[in-house]
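Student: Let me see the structure of the following:
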Amino acid sequence: MLMVGTIFSALTYAVVLPPALAQAPSGSPDTQSRGSDPLTIYREAGVSTEQENQIRDLVKSFETETTARIDSLRKLLKEMRDLSLTPSPDEAAVLSKQDEINKTQNEIASGRIKLLLKIRSMLSKEQKQKLVDLMQKSPGASQ
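Tutor: Residues are numbered from 1 along each chain as shown. Next up is the predicted model:
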């Protein structure tokens, strides 16, 4: 039971964080100076105010869609917990529920990647290169 709660907490934390963070180098001094605004890395890459507003709109739309999926995932995890609290869980039901959980998690992850790709496609060649350069400066980039 603790495992299901821990997995849910980790997933929720990972998904709810602004998706642009995936493109921000972590652990570097630059990241610390960026504060909590995940769009700072895009500004450093040279996005215009118009591009920044478009990115904000995309992120807002993603967050709305993701909130619904997280709610669904929360419900599925509760159902899985309920199934696992029976003395003899129905194997087919548990496996089916796990398939639903996996599908929802995959939808969330794929949506996040699609968002990041959509954002990247809005950038000029120079902005893309600057973004990649900023990301490569991260100590975690070699891992």
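
Student: counting residues per helix, which one in the chain is longest?
Tutor: Under DSSP state H, the helix in the chain containing the largest number of residues is helix 49-84.

Student: So which elements touch that helix?
Tutor: In this structure, helix 49-84 packs against helix 2-16, helix 40-44, helix 91-121, with contacts taken as 3 or more Cβ pairs under 8 Å, 6 or more residues apart in numbering; DSSP states H and E. Bear in mind the C-beta positions are built from the backbone N, C-alpha and C, glycine included.

Student: Ok, which of the ones you listed comes nearest residue 128?
Tutor: With Cβ to Cβ as the criterion, residue 128 lies closest to helix 91-121 of the helices and strands packed on helix 49-84, at 6.3 Å.

Student: Low-confidence ranges, the protein, go.
Tutor: Low-confidence segments of the chain, defined by pLDDT under 70, are located at 1-35, 139-143.

Student: Kindly recompute the last result at 90.
Tutor: Low-confidence segments of the chain, defined by pLDDT under 90: 1-38, 135, 137-143.

Student: Quick check: residue 64 vs residue 136, distance?
Tutor: Noted for residue 64: a distance of 32 Å to residue 136, by Cβ to Cβ, to the nearest Å.
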